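>>> just need the structure, nothing else, for what follows:
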Amino acid sequence: MTIFKPVDLGVDTRLVSAPLLSRLSAAGLLASLALVTRARRSDAGGRGAADEPGFGVSFRGLVEDCPSVLYVQTYDRSRFEYISPQLDRLLGSMGADRQPSLQAWMAHIHSHDRARVQACFAAAAADGVATEIEYRVVPGSGAEPIWVRDKAHLVNDLDRPTRYWHGVISDITAERETQRQLAQTEQRFRAIIEHSPVGFYTQEFDAESPGVSRTTYVSPTHAEQLGFDPEAILANPTMWLDQVHPDDLLRVIEEDIATNTGSFKEFTTDYRMLRPDGQVVWMRDSAQLVDIEGVKPYWQGFLLDITRQKTLEQELDFLASHDGLTRLPNRRYFDEALRLALARAERSGLGVVALFVDLDGFKQVNDLLGHAAGDRVLEMVATRLRATLRSADLVARQGGDEFLVLAADIAGTPSGEDSTRVAKKLRDRIALALNDDMTVDGTLVRVGASVGVAIYPRDADDADRLLAHADAAMYRAKDTSASSPARTRLGPGPEARM
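Residues are numbered from 1 along each chain as shown. Sure, this is the predicted structure:
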């Protein structure tokens, strides 16, 4: 049952259609057209357009079929002049005895919204400005509230100095529910992002600087990774580049320009960054271009701290060619270095010396003090060998208690006298370096060394035979009298304490 009956207003379509079309959309235009079907008056007894057969019925049908509630209200917003029948579908029948008063409508506005709506209406009546407000209405006792959007603007009566409010009330309950669900989803994903160990960011293209992007969002983790507050990062567009490690900066700039000016849709790159405390961190930067019609293109990406991963990768790479205990190059590294040294020597005529070092008395250390003490001795031997030999010489660990030394690119005469002299010096330095006592967990330990020497090209002209010759010379040194400076075997002396 329709509760509010329309009344004749005398409103002319020339005044109401244009503003409604621009401010209230088609629904408002239909409302005005419907109102004039009975409100338009004829000129001095003539027939007006509204008097044509079917005119009023046609436009009234359009109004009454509109899903929104259309209304006309007095300027002071104290009384409704017209409310369309859709109100019954919105609220249910309020009864034929209800009057189109503002109080009747206010009674259905949710109590939590009523004061806000009244204030909005009062301000509009005082200032004459168009209004748009969202609030809840309650159809009846115990019913679930309905969210509505109420839009209205002032319209002048052509024939009388009267102004009216023309408005549209639309049911936006489904829209508000969608907004609520979207807000919940955003809140949920924001919580995930802001508590994630991964740092997220967005960057927009800078119209003033083609190829340059401007950071518009950084998550707390991202700011923590860089060691700055999020506000500082957003305020300083160059802060990110300022923190890139100098050794990676040029590459990062080139990649950034390429991604911003090219046809890239996504990228992933690794680089180092410097925190304010001087700490170097490895970051994996991965982003995807978001290009939606009507929205300014932007990058959304994440920064993952991969410092631990990079450290492990570097350690694995290191251990592939180095000994894990002494940190010296291993046999694989030594063989490759020896092969390259012999190739250079073949072209240049320079000399190459290979030494095979085997510790004497090391088994006693392991047996009496344990393997941990033995490992400590190996570490100290490696340190002494590095400190004793020339910077150009290569010291490697063969395995167990055996070490290798390579001296390459030795200039000299065709007879190899200079290579022989270098070999003797290296052997004697090794013997002297290992002759000093070592302290392991408060215990004095002395180990000696048997050193075998092989010289290219005097003893062999390829790597395998050269090392085999040095190995054989080392075993001969073990059986040679300790008084021979060239074939010395230094073992634990009687004064050594274990």
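>>> from here on, just use CA atoms for contacts and neighbour counts.
Fine.
>>> where do the helices sit along the stretch 1-150 of the chain?
13-23, 25-39, 55-65, 86-91, 102-106, 111-127 (DSSP state H, counting those that start in this stretch).
>>> those: lowest mean pLDDT?
Here the helices of the stretch 1-150 of the chain differ in mean pLDDT, and the lowest is helix 13-23 at a mean of 37.
>>> what secondary structure does residue 355 sit in?
The three-state label given to residue 355 by DSSP: H, G, I helix; E, B strand; the rest coil is strand.
>>> how deep is it tucked in, by neighbour count?
26 (other CA atoms under 10 Å).
>>> isn't it right next to residue 451, touching?
Yes - between residue 355 and residue 451 there is a contact at 6.6 Å, judged by CA atoms under 8 Å.
>>> what touches both of the two?
Shared contacts of residue 355 and residue 451 (CA atoms under 8 Å, 6 or more residues apart in numbering): residue 427.
>>> if I pick the closest residue to residue 133 other than its chain neighbours, what's in contact with it?
Of all residues not flanking residue 133 in the chain, residue 150 sits nearest, at 5.4 Å (CA to CA, 6 or more residues apart in numbering). By CA under 8 Å, 6+ apart, the contact set of residue 150 is 131-134, 167-170.
>>> whichever of those end up buried, select them in ChimeraX.
Applying 16 or more other CA atoms under 10 Å to the contacts of residue 150, the buried members can be selected in ChimeraX as follows:
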select :131,134,167,168,169,170
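>>> which of the contacts of residue 150 has the weakest pLDDT?
For those, the pLDDT minimum is residue 131, 88.
>>> isn't it up against residue 154?
No - counting by CA under 8 Å, residue 154 is not a contact partner of residue 131; they are 9.5 Å apart.
>>> return the set of buried residues in the helix or strand residue 184 falls within.
Using DSSP states H and E, residue 184 sits within helix 173-194. Buried residues in helix 173-194, counted by 16+ other CA under 10 Å: 193-194.
>>> model confidence over it, on average?
Mean pLDDT, computed over helix 173-194, is 89.
>>> tilt between the following helix or strand past it and helix 173-194?
Per DSSP H and E, helix 173-194 leads on to strand 199-205 as the next helix or strand towards the C-terminus. Angle, strand 199-205 to helix 173-194, by axes from the mean of the first three to the mean of the last three CA atoms, to 10 degrees: 110 degrees.
>>> show me what strand 199-205 is packed up against.
For strand 199-205, the packing partners by 3 or more CA pairs under 8 Å, 6 or more residues apart in numbering; DSSP states H and E come out as strand 213-218, helix 220-226, strand 298-305.
>>> so which of those is nearest residue 238?
For these, proximity to residue 238 was assessed by CA to CA; strand 213-218 is nearest, at 8.9 Å.
>>> partners of that closest one in the sheet?
The strands beside strand 213-218 in its sheet (DSSP bridges) come out as strand 199-205 (antiparallel).
>>> quick one: the strand it pairs with to chain centroid distance?
Centroid displacement of strand 199-205 relative to its chain, using CA atoms, centre = their mean, to the nearest Å, is 8 Å.
>>> mean confidence score for that strand?
For strand 199-205, the mean per-residue pLDDT is 85.
>>> before we move on, back to that, what's the closest of the contacts of residue 150 to residue 182?
Closest to residue 182, out of all of the contacts of residue 150 and judged by CA to CA, is residue 134, at 18.0 Å.
>>> check contacts around the nearest residue to the closest one once chain neighbours are set aside.
Leaving out its chain neighbours, the residue that sits closest to residue 134 by CA to CA, 6+ apart is residue 149, at 4.4 Å. Applying CA under 8 Å, 6+ apart to residue 149 gives the contacts 132-135, 168-172.
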